[in-house]
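# I would like the atomic coordinates for the input below:
(chains A, B, C, D, E, F and G, ligands or ions: 2)
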Amino acid sequence: MSLDLIIRIGTKLILPFILLFAFYVQFHGDYGPGGGFQAGVIAAGTVILVAITFGLATAHRIAPHGLVDRLIPLGLLIFAGAGVAGLLLGYNYLEYTGFSRTPAYGHEYGILIVEFGVLVTVSGTIIALFYAFVERNR
Amino acid sequence: MRYLSLAGFLFAFWLALSGHFKPMLLVLGLASTTLCVLVARRMRVADGEGHPLELLRGAVTYWPWLVREIVKSAWAVSKIILHPKLPISPTMTVVRASQKTTAGLATYANSITLTPGTITVAVSGNRLTVHALVRDNALDLEAGGMDRRVSRFEGSS
Amino acid sequence: MNLAPETLVLVALLAPFLGALVIPLFHAQPNLRETVTIVTALVLSLAVLGLLGPVLAGARPHVQIIEVLPGLALAFQVEPLGMLFALVASLLWIVNSIYSIGYMRSNEEPRQTGYYVCFAVALGSTMGIAFAKNLFTLFLFYEALTISTYPLVAHRRDNEAMRAGRLYLLMLLGGSLVLFLPAIIATWVIAGTVDFVPGGVLGGKAAAPTIALLLGLYLFGVGKAAVMPLHFWLPAAMVAPTPVSALLHAVAVVKAGVFTIAKLAAYTFGLDTLSAAGVNGWAVYLASACIVAASVIALTRGNLKARLAYSTVSQLAYVVLGAVIATPLALVGSGMHIAMHAFGKITLFFCAGAIYVAHHKTEIAELDGIGRLMPVTMLAFLIASLSIIGLPPLGGTWSKWMLALAAADRGYMVAVGALMLSSLLNVLYLLSIVARAFFLPLPGAPGGAPVKIAEAPLACVIPLSITALASVALFFAPDRIEALLARLFAGG
Amino acid sequence: MTLVIDVVSWVLVLLGSFFVLTGAVGLVRMPEIFTRMHAVSVIDTLGIGLLALGMALQAGFSLVTLKLVFLLAVYFFIGPVVTHALAQACLHERIAPLLTEDRRAARAADLANERRPS
Amino acid sequence: MSTLWTLIEHYNYLVTIFLMMTGLYIVVARGNMIKKLIGLGIFQTSVFLLYIEPGKILGGTAPILDSAFTVYSNPLPHVLILTAIVVGVATLALGLALVVRINEAYGTIEEDEIFAEDSDA
Amino acid sequence: MFAVAAAAILVALALAIARAIRGPTVFDRVLAGNAVGTLAILLLAVFGFLTGRPAFLDIGLTYAMLNLIGTLAVLKFFRHGDLAYDPEREGGA
Amino acid sequence: MKAVWPHLPALQVVLPLLGAAFVAFMRRGRSAFALALIVTWLMPLISIALLWQALTGGTISYHLGGWEPPWGIEYRIDALNGFVLVLVSAVSAVMMPYAHRSIAREVEEHRQAWFYCMYLLCLCGLLGITITGDAFNAFVFLEISSLSTYVMIALSHDRRALLSAFQYLIMGTIGATFYVIGIGLLYILTGSLNMADVAGRLAPVWAENARAVIAALAFITVGVSLKLALFPLHSWLPNAYAYAPSWATAFLSATATKVAIYLLVRYVFSVFGVAIDINALPIAEIIIALSLAAMFIASFIAVFEANLKRMLAYSSVGQIGYITLGIGLSNQAGLTGGLVHVVNHALMKAALFLAVGAMAYRIGTVKLEQLAGIGRKMPLTVAAFAVAGFGLVGAPGTAGFISKWYLAVGAFDRGWWLLVFLIVGSSLIALVYVGRVLEIAWLREPGPELANAADPPLAMLAPVLALTAATVYFGFDTEWTAGIAATVAKALLGGLR
Ligand code: NA
Ligand code: NA
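Numbers count the residues shown, from 1 in each chain, chains lettered A, B, ... in the order given. Ligands and ions are numbered 1, 2, ... in the order given. All right, here's what the predicted structure looks like:
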């Protein structure tokens, strides 16, 4: 079977919007913890969708192994690093008040960074798991 | 151009979803949009198929027509479902698609599927294999009314 | 060299362990290796002898290493009973070491380095037991003694030896963990201390039945005392080489058991508490029964070492008897019997070993006429037997006499009867061997014909002669021991 | 005005509910997979659409409405793709559709003929 | 009657208990590792329902888009549920990965067959 | 009004679940499963309106997207036994 | 230094987390090990400083993110968890040098970096459970440590490790879920997740709805008991310990179960105990009964195990029984005994598992019948095994004796004579399984397959000997073990209602 036209076009059409939706979820998680996780799942979903419709090679071109494997610890580093940055600025761990002159904004920025770390880790994990699953016999 | 348009759509999508117009969120929205466009480029999805900018103009007339078709056939299918005898006559057929672009072809195929009572089962060249719930639906499609409508929509751009 | 008594205590404790560390270094040079053993034994004996004077003078040298828990310390203190025990053990170690050299080399025994290491550790542990200031310290070295002697018991490594080793470990270590340790902890809970204090620590702290129960725990928990019916390990351990048997029966192991019992009587229970109504009566009868029963069993054994083993079980019960009668006289008798029996029994085992080394005989039935082949050995056997029986002019006389006197004093006529009956049985099972050796003809040799004397090597014969002579000497010097033991009651 | 909106949204919601129910009934009643897909498509189109419209009317024009419209749009793009994929997979797995008439062979020939003259 | 009311009022407890039991049963009764994981997933899901109740008690709501942005928000139940879900998903993913490797190593994912194979070896 | 809708959706849900259980083919289950998902989202949306929490729309959107991915994955898996199957590289099925 | 001082609680958890993140970037096992070593060696410095602060200055409270408890997550260090922190970090630090060669032998090359990453995550989780004062945060850390543990086990090249990891995953998840149900109930009842806060609010709830409080206690107890392998919830442990990489087994046996025990103590005494009359419930009786069952049944099974690691694993189940027995006794001496055995068992079991791991390193097997005469070839290793083994028996002069002493005194203080005999009697079983190994190792002649066996390299030998020395040292100097345990026990019992 050649690559099915309808599925191909449908996927192409919707992919950027799925990704954007991921970012939307990311930045609108009520400014509290959580958004990063769903966003990570959705973002990873785009890569999985690519792999399913366009094949694994395409997915690898977009998200190579080396990148994916490093996303997990990178997210962790972002998360923990933001906390440590708080420490370095003289506040408690995970206290981001020091990130801006206005404490409330500082806190907001901190949450954003942390959530971004979560996004990176989660998407990396899910893509890595997907790769591990589909490549197990190769 | 295509990317610019995609960016426009994406940002509109963002605004609709977000509903916040605080500077920080707007900045984030723009950043996200840019990132998405970049990724789309990397994925090579925003081409004539994936972002059929050309079909935009015809959409204004085509979509309302399609909605009307959907309502009509949904009503028809409902009647069949609720009819005690379940008067179905499933039929498989092949119809010709006269669209010139793959985007147009996909529009036709999806329109068939969207309309209750008919499903595009397979696409092969410009032949669509269609499953219809009743024989009349199949014959209607064979007659090519919808095909012409989609082609006109495609051509109008 | 004039060392402080405290230093001598440490020297006595550390010398054997240091020796054990040095011995393996000379694995390839047996002569040097054995020199290390002998030197260590000499150093130990000198240190212990050096303590004798101060202790006789009333000093109680005392060393605390560390306080393990509040009120519970790893600590040592020399007192008369321990002094006596340490003296006996350290002196006999010298003799035993010399004997070991002859025995092990003649028999070309394997694993000799390990053997000497274990021996040294066992002696170090024995010193720990002798000088322990409290039950915790005593228990620590008691277990160390068990563990270090276990490889000696299993020395032959065949199935029988392994089984004996397992039994040894299980009954001694197991018994001590299951009965002895709870008794110690109970003492701790009841008295608030496990220190050895003259006059005891339990007096007035608990009701008589509780004390009696505690006594039972100690009697059976201290498995090394081989109180019947927990004595099986001792006959089974006969598979070990003879010097090991000597270690078990005379130098250290069982002596550590009965020493512990005597020490408990004097310093944990206190004689008054122990002899109070409803506490010790049952134990006196138990000890009496053991004395007789073990003697009867000894009579039925045809294997020389097995007979000696049951003899030991019986003789240990004498010490226990003295401890549980719990009068000063009885306790002095007990302490004295530890020494007397040690010299007698070690002689007997040396003799049994010498017979094995020279003629590879183990069964009593094979000993017909052997006195003609080994006159010195069998003469020593006779002397030792008489000491065990308790006939003058031998050391055993005094201890038995004191025990009987103390029993009569307290009205334990059954105990007196048991002592007398046991002496009779001793005569039967020991002197019958001597009689067989001297008066029955040597099989295979024409009657009356002169036979060539074939003794064991000198390294075997000299030690057994020394110990036999010591048994005689002890008859004439009981007052020294008595003087030492009398210090037990000399005003705290 | 509110009354009119109320009434209209009432009607829409009721109609939507009707189509949802009908589709579900069809899902149960239809004899095999292909025909069942047709029943489900009633839910996916009119069922969802009318209900959403009814709710949007109630909410008035707001972001929520806009969002609802977006939701519908996404459904309209994704729905047929999913349905198509399912149907295609069925056919590929050799699940023979229950047919009263199979016009494929004849039509293929017709179309081939049609093309040749042109 | 009042008992019945109590039960109905605390329907989420009932559902929780039902899911717990179902999940545990599957975990225990099934030899197929995938099914065990499914059971485990159901079992874990039961917890999420439990945390919905305090949300009501404390007057917290699920995140609302246009609500005023609060800096110091309480750890609302939904955060807890979400975290629990994350943990659950991670557990299931790891379990699945293990099952895949078990299948490679043993050629089966039935527990009794694996036991049989290991005891042969 | 919304209560009526909710009731209708609930009944529809029951029917769809019945179909999902009865099958008989895996594709029937996938179809019914999709319908269950759609109906559940619809129900949530209705409840959202009832309780004034339109955030459920986001859930609906998420579901729609994940549904696409999930269905495609399931179908591909059943078809090729392998999600990594690459139609461009490995040619005809 | 001054700037770091107030943030030590955070660093205790964050450093291993950061370390794990960095290690994950690494490809080579060697560099991963190096980083893990550095991080691990920093841990005891922090934990000792924290314990010192807690002992001298009272309870430390650190507010994560600057949010005030009970809303924010609070790290709360008192003598109890300071003590556990020091145990976990110090034991890890001592055994860490051993890891490099052992892991290189037992884990495939390309997975070694991954192993160290998981180890650091696990360490982070364990320290997190111990340090946090927030019930839900403890759950998160519990799962972090558990998930990384499953991976660590599965990374062994023995395929049976996969199955063991799976079984552990199932049981561990059930346990964690029970725990989270328990704290969910507490949350419903009190509206708080901060342990200290919950304890403060529980009393009125108890008066009103005792059954729900009991349910919460039951769920938490069962969940944590699964994690700490309380008999009969131990079924995951023997296989997991037997087939995991040797070093991982030693690490887990010394730390993971101990941290779970800490959690149990924390809930029973500091959360529920202060609010309700815990002695009115049959919880002590149940724990004591299960502990006794563990002490006898699990130890008895150990006697018949042919695989040395499995034998030690069953022994662990039995030894955990002693710890929980002390918790069940809940009087000064008994609780002290239980707590001090947490330390003592950690030291002894770590030494034993490491010694066995050294045998596996040298001869590739830990089957008992193949170890005949190994005492001759690996004298120091087997000597260490012997000393630590006698520690399990409770021989005087070892740390194990101290534990049993306190436990027995605790039983006496309750007036339970019979229990005393059961406590000491069960050590007989330990004597049998330890003695059996020693007999084979020392008293048999080595076969030709042991020709190349010798004591392991220094980096592996030193931790074994150090832990063994600690076993002996803490048998005599108990100021830092029993001393602190007694202080902690006094504080815990003093807080009881
Ligand atoms: Na359709
Ligand atoms: Na353990």
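# and the host helix or strand of G:Asn344, how far out from the chain's middle?
Per DSSP states H and E, G:Asn344 falls inside helix G:332-363. With CA atoms, centre = their mean, to the nearest Å as the basis, helix G:332-363 stands 9 Å off its chain's centre.
# near chain C, anything from that helix?
No. Under the criterion of CB under 8 Å from any CB of the partner chain, chain C is not reached by helix G:332-363; the shortest gap measures 8.8 Å. Where C-beta positions appear, they are placed from N, C-alpha and C, glycine not excepted.
# For that helix, which helices and strands make contact with it?
With contacts defined as 3 or more CB pairs under 8 Å, 6 or more residues apart in numbering or on different chains; DSSP states H and E, the packing partners of helix G:332-363 are helix G:79-106, helix G:246-265, helix G:308-329, helix G:374-377, helix G:379-393, helix G:399-414, helix G:458-476, helix G:484-495.
# other SSEs contacting the fifth one?
Right, the one you point to is helix G:379-393. helix G:332-363, helix G:374-377, helix G:399-414, helix G:417-443, helix G:458-476.
# Just say which of those helices is most tucked in.
helix G:332-363 (a mean of 28; mean count of other CB atoms under 10 Å in any protein chain shown).
# mean confidence for that one?
Across helix G:332-363, pLDDT averages out at 94.
# One more: stretch A:115-124?
87.
# hmm, who's touching that stretch?
A:22, A:26-27, A:29, A:33, A:35-37, A:39-41, A:43-44, A:47, A:68-72, A:74-82, E:86 (CB atoms under 8 Å, 6 or more residues apart in numbering or on different chains).
# Next, the buried residues of the helix ranked longest in chain A.
Identified as the longest helix of chain A according to DSSP state H is helix A:103-134. For helix A:103-134, a neighbour-count test (16 or more other CB atoms under 10 Å in any protein chain shown) marks A:103, A:106-131, A:134 as buried.
# if we can go back for a sec, which stretch in the helices and strands packed on helix G:332-363 has the least confidence?
Of all the helices and strands packed on helix G:332-363, helix G:374-377 has the smallest average pLDDT, which comes to a mean of 87.
# Can I get that helix as PDB, trimmed to CA atoms?
Taking Å, rounded to 0.1, in the frame of the first residue of the first chain, the C-alpha atoms of helix G:374-377 are listed here in PDB:
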ATOM      1  CA  ILE G 374      36.100 -20.400  49.400                       C
ATOM      2  CA  GLY G 375      37.200 -19.300  52.800                       C
ATOM      3  CA  ARG G 376      40.700 -20.500  51.900                       C
ATOM      4  CA  LYS G 377      40.700 -18.500  48.700                       C
END
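# tell me the secondary structure for B:Lys122?
One correction, residue B:122 is Ala, not Lys. What DSSP: H, G, I helix; E, B strand; the rest coil gives for B:Ala122 is strand.
# any idea how far it lies from D:His84?
The gap separating B:Ala122 from D:His84 is 9 Å, by CB to CB, to the nearest Å.
# quick one: which helix or strand includes C:Ile66?
strand C:62-69.
# Likewise for G:Gly184?
Secondary structure (DSSP H and E) places G:Gly184 in helix G:160-190.
# does chain E sit close to that helix?
Yes. Contact of helix G:160-190 with chain E (CB under 8 Å from any CB) involves G:160, G:162-163, G:165-166, G:169-170, G:173-174, G:176-177, G:180-181, G:184-185, G:187-188.
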